[in-house]
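>>> Next one to model:
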Amino acid sequence: MKSSISSPGGVTTTATILAGAAAPGLGQYGDGADGALTLVANTEIADGPPICRRYSTGDLAGYYLSGRSQAYGYLALFFSGQLNLNGGAIYAPGDGSAAAAGGASAAPTKSGNGGAAGGVGSGPHEDHGREALYVYAKSIIGTGTISSKGGSGVAGSTPTVTPDTNVNGNPGSNGTQTTACKGTAYAGVGGGTSRGEGGIADSAVGAVVPGGTPNNANNTVAFTNDIRDIVGLIYPFNTPYATTGPRRTSVSPDGGGGGAGGCCNGWPPGNVARAGGGGAGGSFRQRPGGGAGGQGSYGTQCTGPAPDSGSGGAGGGGLPGGVVVVVTESAPSTLTVTANGGDGGNGGDSNGAGSTQGGGGGGGGGGEGGVSILVSQSTGAPTATAAGGAAGARGTGGTTGTAAVAGQAGWPMNLRKDT
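Model (predicted):
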């Protein structure tokens, strides 16, 4: 059968794959040894071997199933029978690494604090990088999501108290780098990102505070959209495709932290409060695919001791998507398989008194999309997506800084035969 493979940049190629029980991965649904699964609450599978679960059937019943696989790099779920999404979700495990810290102001109640990278988003454990998730089910019904989406950056804060001193904001922390994969025989590396600069309070006028830019200096190899990598992902647990062990990957860099906003008390005249720069989004691959953070803006020049102003903190960068692979013989149109990058956090707004106003914080860059693969026969048009995260919005106040950048798309591969 012929199926579309969508890749970054809008390029679409056509691949021929086998249909029915002979299709790659089909029939590898486990022996059901762990019995039937029906969730009664949001459930996290404990870390440690075995990191595979072999269920006979599954009913998510409106809850989510996830894991925290700190030591092993992936989670594999097998359903020898039917998996009913039933309004629920399955999430890739987080790797347990700490998210990059946001910039802290020396006077945090008087200037906007920077947004931290990788804050809790719409799903569980989105404060961490995503690892690999494999779901093999004989058939899938219902509506729901199977996700390795990256977490969203935390928004920068808005100052709420006028300052009594001139304070520079601190820069955000660098995102973590991922320089090696967990497991063996797989070439794919995630990249960390640089921080956003902190806001300042000085007499200079006309300059903006730069945001973070993606940094992949430690990367040596990258995932490539070729048949070796596709087959290696679909067959992660069996030889000969895994020569010395399971092919699995950990894609877990953080986004950069946003910088804190500066503040000034209006004295001496001519001081200007500047906002922090946004953190950069996390990158999945060798190239810097995360979005750059937006620049923090500067406020109006004060004319005396009375007007006080504080600048907004910048948004943190979004995390990149991870790897998610779903193999099934029957998939509904209401299934979504996603490895989208996380959205950048919004910049904080400024405050001010009289004619003086601080600058608005820069938005965080979006995280890069990861790898999303769906191999199925379908009764409709299930979705496989690996879009880049959206750029965080700039905060209001002062001049207009440069906008943050959305993350680049990853690899969505919808290998399906429509029945």
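
>>> going forward, measure contacts and count neighbours with C-alpha atoms only.
OK.

>>> who's residue 38 bridged to?
Counting by DSSP bridges, residue 38 forms beta bridges with residue 59.

>>> Hmm, residue 61 and it touching each other?
Yes - with contacts counted by Cα atoms under 8 Å, residue 38 reaches residue 61, the gap being 6.9 Å.

>>> More neighbours: which of the two?
Using other Cα atoms under 10 Å as the criterion, residue 38 and residue 61 rank with residue 61 on top: 17 against 14.

>>> list the contacts for the residue nearest to that one when sequence neighbours are not counted?
Spatial nearest neighbour of residue 61, chain neighbours left out: residue 86 (5.2 Å); criterion: Cα to Cα, 6 or more residues apart in numbering. Residues near residue 86 by Cα atoms under 8 Å, 6 or more residues apart in numbering: 59-62, 141-144.

>>> Identify the farthest-apart pair in the residues you listed.
Spanning the widest gap among these are 62 and 141, at 13.2 Å by Cα to Cα.

>>> any shared contact partners between these two?
85-86.

>>> can you pull the contacts of residue 39?
59-61, 63-65.

>>> wait, residue 202 sits on residue 273?
Yes - counting by Cα under 8 Å, residue 202 does reach residue 273; the two are 6.9 Å apart.

>>> Looking only at neighbour counts, state which of the two leads.
Ranked by neighbour count (other Cα under 10 Å), residue 202 and residue 273 place residue 273 first, with 41 against 19.

>>> Show me what the host helix or strand of that one is packed up against.
Using DSSP states H and E, residue 273 maps to strand 272-273. Packed against strand 272-273, as judged by 3 or more Cα pairs under 8 Å, 6 or more residues apart in numbering; DSSP states H and E, are the following elements: strand 201-202, strand 263-264.

>>> for this protein, where's the lowest mean pLDDT among helices and strands?
In the chain, no helix or strand scores lower on mean pLDDT, DSSP states H and E than strand 12-16, which sits at a mean of 29.

>>> rewinding a little: where's the residue nearest to residue 61 relative to residue 277, distance?
Distance of residue 86 to residue 277, given as Cα to Cα, to the nearest Å: 42 Å.

>>> Residue 356 too?
20 Å.

>>> now residue 408
20 Å.

>>> so residue 209 bridges to which residues?
residue 296.

>>> Please read the previous query as pertaining to residue 202.
residue 272.

>>> Check it and give its pLDDT.
Looking at residue 202, its pLDDT is 83.

>>> do the same with residue 173
Reported pLDDT for residue 173: 83.

>>> How about residue 294?
So residue 294 comes in at 93 (pLDDT).

>>> Who has more neighbours out of residue 408 and residue 277?
When residue 408 and residue 277 are compared on other Cα under 10 Å, the one with more neighbours turns out to be residue 277, at 47 against 27.
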